[in-house]
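# Just need the structure, nothing else, for what follows:
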Amino acid sequence: MDAATLFRRFHEAWTAGDLDAVLDLVDPDIVARPVHGILFSAPEYRGPEGIARWYHEMTDPWESYETIVEEVHDTPEGVVGFLHLVGHRGDAEFDARVASFCEVRDGKIVTLIARDIWDVREELGV
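Numbers count the residues shown, from 1 in each chain. Below you'll find the predicted structure:
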């Protein structure tokens, strides 16, 4: 599976609430760094256990949570994807856009590094 497909499947499984599928797509040595650090207990998450903790911290506060892949661009290491994150709980809503750099090795995600989407768009000229 190519990096773009892997990236999309990861986020589709995340949105579907299928944590097992999410974890099947990651390397045992994965490192994830979310951009919205204030929302989480750690600046980075390591290994499948860390991804599971990050998943629950991100989705548990919301009745529904979506990670929508809007664009994917190839990089030498994998892809950079532009994501729209939306959470709903009653009348409350979380709505954000981020860029996520995804490195792939042997068909598994090894890094997910989030950055400000507007900075990345400017850097890439898209």
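
# Okay, buried residues for the worst-scoring helix or strand of the chain on mean pLDDT please.
Ranked by mean pLDDT, DSSP states H and E, the helix or strand of the chain with the weakest confidence is helix 117-124, at a mean of 91. Neighbour-count burial for helix 117-124, counted by 16 or more other C-beta atoms under 10 Å, picks out 117, 120. The C-beta positions use only the backbone N, C-alpha and C, and glycine is treated the same way.

# helices or strands up against it?
The helices and strands touching helix 117-124, judged by 3 or more C-beta pairs under 8 Å, 6 or more residues apart in numbering; DSSP states H and E, are strand 78-89, strand 92-105.

# Need the phi and psi values for the residue of the chain positioned farthest from its centre.
Among the C-alpha atoms of the chain, the one most distant from their mean position (C-alpha atoms, centre = their mean) is that of Asp91, at 24.6 Å. Phi and psi for Asp91, reported as degrees, to the nearest 10, are phi -90, psi -10.

# How much space separates it from His84?
In this structure, Asp91 and His84 are separated by 20 Å, where distance is defined by C-beta to C-beta, to the nearest Å.
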